[in-house]
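S.K.: what follows is a predicted structure for the sequence shown.
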Amino acid sequence: MCLQVDRLDVRVPGKSLCAGLTLRLGLGENWAVLGANGSGKTTLLHTLAGLRSADDGRVLLEERDIGDYPHRMRARHLGVLFQDYDTAFPATVLETVLTGRHPYLSRWQWQDDADDVGIAETTLSAVGLAGFEHRRLSTLSGGERRRVEIAAVLAQDPPVLLLDEPTNHLDLRHQIEILRLLTRRRQQRDTLNVLVLHDINLALRFCTHALLLFGDGECRHGELPGILDTETLRDLYGYPIRKYDTADGVFYGPA
Amino acid sequence: MIRASHLTMLLLLAAPASIAFALSMGSADLNLGELRQALIGDGTSLDAAIVRELRLPRALSAFAVGGLLALSGALLQVLLRNPLADPYILGVSGGAAAAALLSILLGLGTAWVMGSAFAGSLVSTFLVFSLSRLDGAWTQTRLLLTGVVVAAGWGALISFLLVISPDGDLHTMLFWLMGDMSRAAHPLFANAILLAGLALSLGLARSLNLLARGDLAAAALGENPARVRVSVYFIASLLTAAAVTVAGSIGFVGLIIPHIIRLLTGADHRSLLPNTVLLGGCFLVLADTVARTAVVPIQLPVGVITALLGVPVFLFLLTHTRNP
């Protein structure tokens, strides 16, 4: 199982976000997608997920065009964590996590399977929310709600995970714990993670590869940490970046 | 919050109880023994005639109409992702009302009025559907705006018909517009549509749970949101059309009943939809019983009662339900 990008163009009205991108993302890899606000990280992620059609070129999931997959089958191979979710109607934590099991159930399967509830409870305790099952989402903090959404996509349990800012709203400890959870899953199960991140140092610490979006159609990709240096990062964010070489490794910060 | 399955059991008991109440109340009040005699006796007494030929069809129709409206409201609220949506918001009832009033004005009989109401609601359904799809992007905002504008158009036509109608027709027309069960003599049609609609929407219940989290989220979990939305739109429109055809535009039931169930048991559509149907049915049976017995010998339009009963009940629940 791998995700291949073949001469992909992603455009929004009046702007090219990436042009002619060719790339192979393999199992066992952790990809960071980095770029400034509005550089097209989310749009690219939705294109990779098959939720938006490519403006040119193709996205292949295991040699097959992502658009050719029946939705339900695609959802068993590839899961997406979105930046935010609609919360117009009340739902409990357990109900929300159980939505991750939807691709495995038939239309008339009525009750929640004991196995599915077990999976949901396991993923909830993995993100540190054991005992929250019957709370309503509206009563949770932003960070707790984020971890519920992560638990839902973990309950979906696909080999390929596309995560749009998974560390949003998370405190320092939970940022590390969630990224460690995802990385450990990659090592144990040979999965592929693609993470949109805003923190260069988290990307360096947890990811094997990076895809940089410069916002003008130019994309660069390669292994970490080799692909990153202060000039590249300055061009990427349009702001001077300083590099700190310490005994614990390399860190980048705004100048 | 209470458990959804407990509420379902409670409502399954309340449904026959509300119908029994409706059957025993009226110009001739019956106690339980008399009611039983009237229902399963030899059927020669006056009580038997009243209960079997007048009250029973009317109560069963009221139950169906309440269920239809509540289910349609629950579906439209999630389709439009708008808690203020009710079965009439997209103009289905406007089309029905305009057609029905026109038939009343032309002096046609009850069957014709009902037939044209049903036809009018279907015309409006397809009109809104095709207009809101013109640019290919069938978003809920576009659907909502198209529906509301078409409904406003029907509203203007209805006012026009009211103004040019002779005084003799106005009373009938106003009752029709306010919602009234007195013409509902054949409960089979509405109940059949209700059962079919409930079965179809139960098949979509888990998809609706996903849709409530957003279209993209639903698509990422293996749903085809566009297909679900089109199905939900047509199911909800058909439910509304059936209800309006039988009883005119009874307000409030479709807006409030789904919210009451959400407040009590949460928003999982697998339990929300059947509970909504049951509560909507019970509620309208009770409201209709009050409507025909409160101010004897006048029969009030049931739409007046639904709001008078529903507003305080809903406000009480809203202020007394705590999130756990």
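M.R.: Good, I have the coordinates.
S.K.: which residues touch residue 85?
M.R.: No chain in the question, so chain A it is. Residue A:85 is in contact with A:149, B:213, B:214, B:217, counting by C-beta atoms under 8 Å, 6 or more residues apart in numbering or on different chains. Where C-beta positions appear, they are placed from N, C-alpha and C, glycine not excepted.
S.K.: chain B was what I was after
M.R.: Going by C-beta under 8 Å, 6+ apart, residue B:85 touches B:73, B:76, B:77, B:79, B:144, B:255.
S.K.: any idea how far residue B:63 is from residue B:5?
M.R.: Look at residue B:5 and residue B:63: by C-beta to C-beta, to the nearest Å, they are 21 Å apart.
S.K.: same thing with residue B:104?
M.R.: Counting by C-beta to C-beta, the gap from residue B:104 to residue B:63 is 26 Å.
S.K.: in the stretch 51-200 of chain B, what residue lies closest to chain A?
M.R.: residue B:81 (5.1 Å; C-beta to the nearest C-beta).
S.K.: got a pLDDT number for that residue?
M.R.: pLDDT, residue B:81: 84.
S.K.: what about it, helix or strand, and which?
M.R.: Secondary structure assigned from DSSP states H and E places residue B:81 in neither a helix nor a strand.
S.K.: cool, and residue A:252?
M.R.: strand A:249-254.
S.K.: helix or strand: which one has residue B:56?
M.R.: Secondary structure assignment for residue B:56, by DSSP H and E: helix B:56-79.
S.K.: show me the shaky parts of the stretch 201-324 of chain B.
M.R.: Along the stretch 201-324 of chain B, segments meeting pLDDT under 70 span B:321-324.
S.K.: residues in it within reach of chain A, list them.
M.R.: B:203, B:206, B:209-210, B:212-214, B:216-217, B:219-224, B:262, B:266-268, B:270, B:323-324 (C-beta under 8 Å from any C-beta of the partner chain).
S.K.: point out the other helices and strands that the helix holding residue B:56 packs with.
M.R.: Using 3 or more C-beta pairs under 8 Å, 6 or more residues apart in numbering or on different chains; DSSP states H and E, the elements in contact with helix B:56-79 are helix B:4-24, helix B:187-203, helix B:205-211, helix B:225-247, helix B:253-265, helix B:269-293.
S.K.: reformat those helices as JSON lines; add distance to residue B:127 and mean neighbour count.
M.R.: JSON lines is the format used below for the helices and strands packed on helix B:56-79 (distance: least, C-beta to C-beta, whole Å; neighbours: other C-beta atoms under 10 Å in any protein chain shown):
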{"stretch": "helix B:4-24", "distance to residue B:127": "36", "mean neighbour count": "17"}
{"stretch": "helix B:187-203", "distance to residue B:127": "21", "mean neighbour count": "18"}
{"stretch": "helix B:205-211", "distance to residue B:127": "24", "mean neighbour count": "23"}
{"stretch": "helix B:225-247", "distance to residue B:127": "11", "mean neighbour count": "23"}
{"stretch": "helix B:253-265", "distance to residue B:127": "20", "mean neighbour count": "24"}
{"stretch": "helix B:269-293", "distance to residue B:127": "27", "mean neighbour count": "25"}
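S.K.: which ones are touching the residue nearest the centre of chain A?
M.R.: Chain A has residue A:163 as the residue nearest its centroid, 1.2 Å off, counting by C-alpha atoms, centre = their mean. Residues near residue A:163 by C-beta under 8 Å, 6+ apart: A:80, A:81, A:150, A:153, A:182, A:193, A:194, A:195, A:196.
S.K.: correct me if wrong: the last one contacts residue A:43.
M.R.: No. With the criterion set as C-beta atoms under 8 Å, residue A:196 and residue A:43 do not qualify as a contacting pair; they are 10.7 Å apart.
S.K.: who has more neighbours, the two?
M.R.: Using other C-beta atoms under 10 Å in any protein chain shown, the more surrounded residue of residue A:196 and residue A:43 is residue A:196, with 24 against 17.
S.K.: so residue B:104 and residue B:63 - more neighbours on which side?
M.R.: Neighbour count, other C-beta under 10 Å: between residue B:104 and residue B:63, residue B:63 has more, with 28 against 21.
S.K.: related to what we said a few turns ago, drop anything exposed from the residues of the stretch 201-324 of chain B next to chain A.
M.R.: B:206, B:209-210, B:212-214, B:216-217, B:219-223, B:262, B:266-268, B:270 (16 or more other C-beta atoms under 10 Å in any protein chain shown).
S.K.: separation between whichever residue of the stretch 101-250 of chain A sits closest to chain B and residue B:219?
M.R.: Nearest to chain B, among the residues of the stretch 101-250 of chain A, is residue A:103, at 3.9 Å (C-beta to the nearest C-beta). For residue A:103, the distance to residue B:219 equals 11 Å [C-beta to C-beta].
S.K.: so the residue nearest to the centre of chain A lies in a strand, does it not?
M.R.: Yes. With DSSP: H, G, I helix; E, B strand; the rest coil as the criterion, residue A:163 is assigned to a strand.
S.K.: tell me what it is bridged to.
M.R.: residue A:81, residue A:195 (DSSP bridges).
S.K.: can you tell me the SS state at residue A:221?
M.R.: strand.
S.K.: just for chain A, where's the confidence low?
M.R.: Those would be A:1, A:107, A:110-111, if you go by pLDDT under 70 across chain A.
S.K.: what ranges does it have for its strands?
M.R.: A:2-12, A:15-26, A:30-35, A:56-61, A:64-65, A:78-81, A:160-164, A:192-196, A:209-213, A:219-223, A:241-246, A:249-254 (DSSP state E).
S.K.: make a markdown table from those and add distance to residue A:49 to it.
M.R.: A markdown table is the format used below for the strands of chain A (distance: least, C-beta to C-beta, whole Å):
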| stretch | distance to residue A:49 |
| --- | --- |
| strand A:2-12 | 10 |
| strand A:15-26 | 12 |
| strand A:30-35 | 12 |
| strand A:56-61 | 9 |
| strand A:64-65 | 13 |
| strand A:78-81 | 5 |
| strand A:160-164 | 5 |
| strand A:192-196 | 9 |
| strand A:209-213 | 15 |
| strand A:219-223 | 17 |
| strand A:241-246 | 30 |
| strand A:249-254 | 29 |
